[in-house]
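Q: Just the structure for this:
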Amino acid sequence: MKKSFYILGFVTFFTLGIGAMFEFLSWPYSGIIVFLGFFFLNFGFIPVYFYQKYKQEKLQVKA
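A: Okay, the predicted model is just below:
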């Protein structure tokens, strides 16, 4: 799960970075790339992050 979390984080922030570069250089499709980056962030990276924190907290309470 940790490895997939890191891969998802890389893809998310890479997409946002590329989208920002496209936006800065006024290249086409910059809006779509930025949208995909925020989509990955809101529906992929953040939920997985909070799920891992919840799971980690649940294990600490049991111990």
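Q: CA only for contacts and neighbour counts going forward, please
A: Fine.
Q: Can you report how many residues lie near Val34?
A: As a burial measure, the neighbour count of Val34 was computed by other C-alpha atoms under 10 Å and equals 21.
Q: Quick one: residues contacting it.
A: By C-alpha atoms under 8 Å, 6 or more residues apart in numbering, the residues touching Val34 are Thr15, Leu16, Ile18, Gly19, Ala20.
Q: What separation is there between it and Gln60?
A: Computed as C-alpha to C-alpha, to the nearest Å, the Val34 to Gln60 distance reads 37 Å.
Q: can you redo the contacts of Val34 as CSV with secondary structure?
A: Rendered in CSV, the data for those read as follows (DSSP: H, G, I helix; E, B strand; the rest coil):
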residue, secondary structure
Thr15, helix
Leu16, helix
Ile18, helix
Gly19, helix
Ala20, helix
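Q: Any quick PyMOL command for the buried ones out of the residues you listed?
A: Under the burial definition 16 or more other C-alpha atoms under 10 Å, those of the contacts of Val34 that qualify are selected in PyMOL by:
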select buried, resi 15+16+19+20
